[in-house]
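**Student:** predicted model and sequence below, questions to follow.
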Amino acid sequence: MREGWSTAGITALGELLSPSRLTGTAARMSVQLFLVVCLWHALYSDTETSGGLDEGQAVAYGVLAVLALRLRDTDRWIGRDMVIQQIEFGTIVYWFLRPLAPWRYYLRRAVGDQLYGFAWAAAGYVVCLLAGVMDPPASAGAAGAFAVTFLLGQSVLYYLVLLTDQMCFWAVRNDSAVEILQFAQNLLSGGYAALWYFPGWFQTMSALLPFQATLSVPLSFYVGRLPVDDLPRHLAVQLFWVVSLAALTRLVWRRAEHRVVSQGG
Amino acid sequence: MTARESEFAIEARGLVKTFRTARRRPGALGMLRALVAPERVSTTAVADVSFSVGHGQLLALLGPNGAGKSTTIKMLTGILTPSAGRASVMGIVPYRERVRNARNIGAVFGQRTQLWWDLPARESFRILRDIYGVADGDYRSRMREFDDLLELSSFWDTRVRHLSLGQRVRCDLAAALLHDPPVVFLDEPTIGMDVVVKEQVRLLLRDQVERRGQTVLLTTHDMTEVERLAERVVLINHGHIVLDGTLAEIRTRFGSGWRVNATLVQTEPATGRCPPGLRVVRQDGARVIFEPDGTDGVAPPQALKRVIDRYEVTDIHIQESDLEDVMRAAYLDDRADRELDGELDGETVA
Ligand SMILES: Nc1ncnc2c1ncn2[C@@H]1O[C@H](COP(=O)(O)OP(=O)(O)OP(=O)(O)O)[C@@H](O)[C@H]1O
Ligand SMILES: [Mg+2]
């Protein structure tokens, strides 16, 4: 039974059908990676370690952050398939007219998009590793801890994005929420710069928020800044976020389904 | 209750839909007030709608802009939950069991597409095939059928964003019918189509109803379409049903029904010697149009005879009054409006 899993391939198919977008993505990624590598080498030119990270760790962290941010970066706007657009154009009605519940459809699309982004990230990773731009994982244990926490981190990220999308059912525009989330995500997850460089109070604050679980934790395991012994504690925190965000978004889905108002027609 | 047990494919009983929206006064003060104490206004889009459609029937839901047609369809397809009343489609309450209901229905809202904007139309069909679990063989034969009737293959490999409106709506029709649903809802399905394509769509719908036994509920502002397709029409205005019957009934209630077109031998003013029971609608030289004046209920054959008895004519025939004229009269019908306003005043909506 295919059960509508082909919905997962929608974004990827749209991209593959337009080669110009593919070359665009490749070019953007290369430029970003190049700049990040230059930046971190420059910053470490007269320091040995900073924030507990040495030069090799800092570069590896920076490269991985660029690659990971790529995962949810696929342009769904062009496919008119953002929730906000669906609501604005009124095409959201069709989500409720199919034997595939809206939350399932949304989940499959997101999984597909994240896998597609992952393919890009993985390709970029292999290239960087082979080119000697960055170091491999600190140890086999670090690699394992990275893999598990990265997967859970992507789940946390999925729910955070879902929550902003769900807001569209209440407010016609969610731009400001999206902007706040994106900024918070990029900064507090350690996407722009590793959280290790920030002051103590900042690290305490972000420990209370779900963002660092998405990126900072797995990448810190990769570069060996977090000892593998800490894995259980971080897994527990990630699981806590996954479970509570899952419960919350589920509740919101139910309410959204009851109050869907389709405009016009 | 299962689909087999219910006598009707579609049933609406006392459907009501009220929308509550916040009204914002202009200016900064208005904005402040909207934040502190938003003023809520409610609009009754559908006030009281009841009708039923038997299996294999095609029914046209007609009414002027803003009458409540789309809102009614949204309730019947399960998108909106009615404020009051009940709906049932193939024995299922659509807004309670959306997913189960979805297997029984197909829907096109002509102004909005369900196709994926960034993909060729054919990819959308393939995705929908998977969502509905349509078997490959059925899928292929259905696509062939749609292609024969709607000539889709000339553009189905084009991205939806590049399709013309008429092409896009044709693809949307195919997308809605792909899983062969027993009940089909079409809200302005022929929007943006040229006359040739409209005819193709009519053929397709006829085929769906007559050969496949599908039940179709459609709204349109195209009267030719109504004349060619609908055995039965439900006329709705201000959220109320004004008439539920055949086109002939609409004609008798809102139109004069027929006219006599005659060409006289001599050009003379016909008004002076008008035959009994008739009056002159228009005279253009030798050509005169008569209609019954309502005094003696004259039938068309008698009217012809009276005109021939009175004048020397070179040509004479009966003409049915134009459906557009009839509908204009129906939509503008004061009498109905006044009745409705009276009803609305005393009404409280849940
Ligand atoms: N979401 C909504 N919020 C507030 N009012 C609404 C909403 N949807 C519809 N209405 C109002 O309900 C009334 C009926 O709208 P509806 O779309 O059902 O009309 P319609 O018969 O389909 O008209 P048309 O022929 O123009 O498509 C209109 O007055 C409209 O303004
Ligand atoms: Mg409408």
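**Tutor:** Perfect, I can see it now. Ligands and ions are numbered 1, 2, ... in the order given.

**Student:** right, and B:Ser153 touches B:Asp147 too?
**Tutor:** Yes - with contact defined as CB atoms under 8 Å, B:Ser153 reaches B:Asp147; the gap is 4.8 Å. Yep, even glycine has a C-beta here, placed from its N, CA and C like the rest.

**Student:** any idea how far the residue in the stretch 201-350 of chain B positioned nearest to chain A is from ligand 1?
**Tutor:** Residue nearest to chain A within the stretch 201-350 of chain B: B:Thr219 (10.0 Å; CB to the nearest CB). Using CB to the nearest ligand atom, to the nearest Å, B:Thr219 is found at 7 Å from ligand 1.

**Student:** how near is that residue to B:Thr113?
**Tutor:** Look at B:Thr219 and B:Thr113: by CB to CB, to the nearest Å, they are 17 Å apart.

**Student:** kindly report the same for A:Ala58.
**Tutor:** To B:Thr113, A:Ala58 is 48 Å away according to CB to CB.

**Student:** got it, and A:Leu71?
**Tutor:** A:Leu71 is 29 Å from B:Thr113, by CB to CB.

**Student:** one more: B:Glu210?
**Tutor:** In this view, B:Glu210 and B:Thr113 are 27 Å apart by CB to CB.

**Student:** more neighbours, those two?
**Tutor:** Neighbour count, other CB atoms under 10 Å in any protein chain shown: between B:Glu210 and B:Thr113, B:Thr113 has more, with 25 against 11.

**Student:** any idea whether that one is helix, strand or coil?
**Tutor:** Recorded secondary structure, B:Thr113: coil (DSSP: H, G, I helix; E, B strand; the rest coil).

**Student:** and the residue of the stretch 201-350 of chain B closest to chain A, its phi and psi?
**Tutor:** phi -120, psi 150 (degrees, to the nearest 10).

**Student:** was I right about it contacting B:Glu188?
**Tutor:** Yes - counting by CB under 8 Å, B:Thr219 does reach B:Glu188; the two are 5.9 Å apart.

**Student:** tell me which of those two has more neighbours.
**Tutor:** Using other CB under 10 Å, the more surrounded residue of B:Thr219 and B:Glu188 is B:Thr219, with 25 against 19.

**Student:** returning to that earlier point: bridged to the residue of the stretch 201-350 of chain B closest to chain A, which residues?
**Tutor:** Judged by DSSP bridges, the bridge partners of B:Thr219 are B:Leu61, B:Asp187.

**Student:** measure it to A:Ala12 for me?
**Tutor:** 37 Å.

**Student:** B:Glu227 now?
**Tutor:** Distance, B:Glu227 to A:Ala12, using CB to CB: 47 Å.

**Student:** again, but for B:Ala87
**Tutor:** 39 Å.

**Student:** and those two? which has more neighbours close in?
**Tutor:** Between B:Ala87 and A:Ala12, counted using other CB under 10 Å, B:Ala87 has the larger neighbour count: 25 against 16.

**Student:** the more buried one belongs to a strand?
**Tutor:** Yes - checked against three-state DSSP, B:Ala87 lies within a strand.

**Student:** these two touch, right, it and B:Asn101?
**Tutor:** No - look at B:Ala87 against B:Asn101 with CB under 8 Å: they stay out of range, at 10.0 Å.

**Student:** now list whatever residues contact both of those two.
**Tutor:** B:Val93, B:Pro94 (CB atoms under 8 Å, 6 or more residues apart in numbering or on different chains).

**Student:** what about the strands in the chain?
**Tutor:** Unless you meant another one, I'm taking chain A. For chain A, the strands defined by DSSP state E occupy A:49-50, A:53-54.

**Student:** hmm, no, I was thinking of chain B.
**Tutor:** B:8-23, B:39-54, B:58-62, B:84-89, B:105-109, B:183-187, B:215-219, B:232-237, B:240-246, B:258-264, B:278-284, B:287-292, B:313-320.

**Student:** got JSON lines for the ones you listed, with mean pLDDT too?
**Tutor:** Below are those laid out as JSON lines (pLDDT from 0 to 100):
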{"stretch": "strand B:8-23", "mean pLDDT": "90"}
{"stretch": "strand B:39-54", "mean pLDDT": "91"}
{"stretch": "strand B:58-62", "mean pLDDT": "94"}
{"stretch": "strand B:84-89", "mean pLDDT": "96"}
{"stretch": "strand B:105-109", "mean pLDDT": "95"}
{"stretch": "strand B:183-187", "mean pLDDT": "96"}
{"stretch": "strand B:215-219", "mean pLDDT": "95"}
{"stretch": "strand B:232-237", "mean pLDDT": "92"}
{"stretch": "strand B:240-246", "mean pLDDT": "90"}
{"stretch": "strand B:258-264", "mean pLDDT": "89"}
{"stretch": "strand B:278-284", "mean pLDDT": "87"}
{"stretch": "strand B:287-292", "mean pLDDT": "88"}
{"stretch": "strand B:313-320", "mean pLDDT": "89"}
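
**Student:** let me know which of the ones you listed is the nearest to A:Arg255.
**Tutor:** Relative to A:Arg255, the nearest member of the strands of chain B by CB to CB is strand B:8-23, separated by 15.9 Å.

**Student:** helices or strands next to the closest one in the packing?
**Tutor:** For strand B:8-23, the elements it packs on are strand B:39-54, helix B:69-76, strand B:84-89, strand B:215-219, judged by 3 or more CB pairs under 8 Å, 6 or more residues apart in numbering or on different chains; DSSP states H and E.
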